[in-house]
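**Q** Provide a 3D model corresponding to the input given below.
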Amino acid sequence: MRTFPRSQPQNRTPEPDTPPAEAGERIQKVLAQLGLGSRREIEQWIKDGRISLNGQRAELGARCRPDDRITVNGRPIDLARKSQAETRVLLYHKPAGEVVSRRDPEGRPVIFTQLPRPERGRWIAIGRLDINTQGLLLVTTHGELANRLMHPSHQIERQYAVRVLGNIDEAMLGRLSQGVLLEDGLARFDAIEAAGGEGANKWFHVTLREGRNRIVRRLWESQGVAVSRLIRIRFAGVALPPHLKAGHSWELPPEGVAALMALVGLAAEHPAEERRRPVERRPGRDESRSRGRR
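**A** Okay, here's the model as predicted:
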């Protein structure tokens, strides 16, 4: 079975012009960079009246400067931390059965209870994997980085290993590569590569540049094929490390973080005199016990 080549990326949506520096930055962008949440989350906080700017309720689209006073739920925010905060990224091997959420109303296990607590800010998931999908999930303390990596305009590449059950032929793979009309629009794989399997169960590696809900499963199901297993193995050029067990996390080294930031047009931070080395994290371990350097 032949490999279907990757298609050429489409033109990106142009970025808006940058306003003068004296105008400040949008509140949601500043707070996202401080790790308080994703830009989308913070925009909702503004709409809900949870954020004030210089004693007044903040409006969506308002900008702030370093000398402004911002509070979130009445708590003052130190804007000086923006220049001091160190961007961190964890690679988490999400097992099937966990929910990408901070809490689940049905009581199912959530990924954030498995992660070490950051010194500053909080972890923000870069996209989602549904409960039955396992594999690579990136989390970061930098909300703007998370926002840009999730935004469709950046066309971030994702790769999955998928096991399917059904009769697969060249015509079907051609349709999946050229495009299939789903209920929410046209979708396709940029690349499809056979990866083994026996009998009716076949493995493929598929690549695409979008993150619509259950898009990989829905593409295969549109052809009458059942997906029995789905594993994300690569995101934004970062591969799932072979040594990383399900339910464990590993910290991306500074050069990897810088590469991610450059990918979406963010300036890399100046490295501190002493930066932490990559450390594998085990679930359920206290941060203070798992922070040693290798």
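
**Q** hey, where'd the helices end up in the stretch 51-200 of the chain?
**A** With DSSP state H, counting those that start in this stretch, the ranges of helices along the stretch 51-200 of the chain come out as 81-84, 143-150, 170-178.

**Q** report all helices and strands that the second one contacts.
**A** Packing contacts for helix 143-150, counted by 3 or more CB pairs under 8 Å, 6 or more residues apart in numbering; DSSP states H and E, involve helix 27-33, helix 39-47, strand 124-125, helix 254-263. All C-beta spots, glycine's among them, are computed from the backbone N, C-alpha and C.

**Q** most tightly surrounded among these?
**A** Comparing the helices and strands packed on helix 143-150 by mean neighbour count (mean count of other CB atoms under 10 Å), helix 27-33 comes out on top with a mean of 25.

**Q** contacts for stretch 161-168, please.
**A** Contacts to stretch 161-168, defined as CB atoms under 8 Å, 6 or more residues apart in numbering, come from residues 1, 135, 195, 197, 200-206, 216, 220, 223-231, 233.

**Q** show me what counts as buried in it.
**A** Buried positions in stretch 161-168, judged by neighbour count with 16 or more other CB atoms under 10 Å: 161, 162, 163, 164, 165, 166, 168.

**Q** mean confidence for it?
**A** For stretch 161-168, mean pLDDT rounds to 94.

**Q** can you tell me the centre-most residue of the protein?
**A** By CA atoms, centre = their mean, the chain has its centre lying nearest to residue 126, at 1.8 Å.

**Q** for that one, which non-adjacent residue is closest in space?
**A** Nearest residue to residue 126, sequence neighbours excluded (CB to CB, 6 or more residues apart in numbering): residue 138, at 4.3 Å.

**Q** ok, the one you found - contacts?
**A** By CB under 8 Å, 6+ apart, residue 138 lies in contact with 89, 90, 91, 92, 125, 126, 127, 149, 235, 236, 238, 252.
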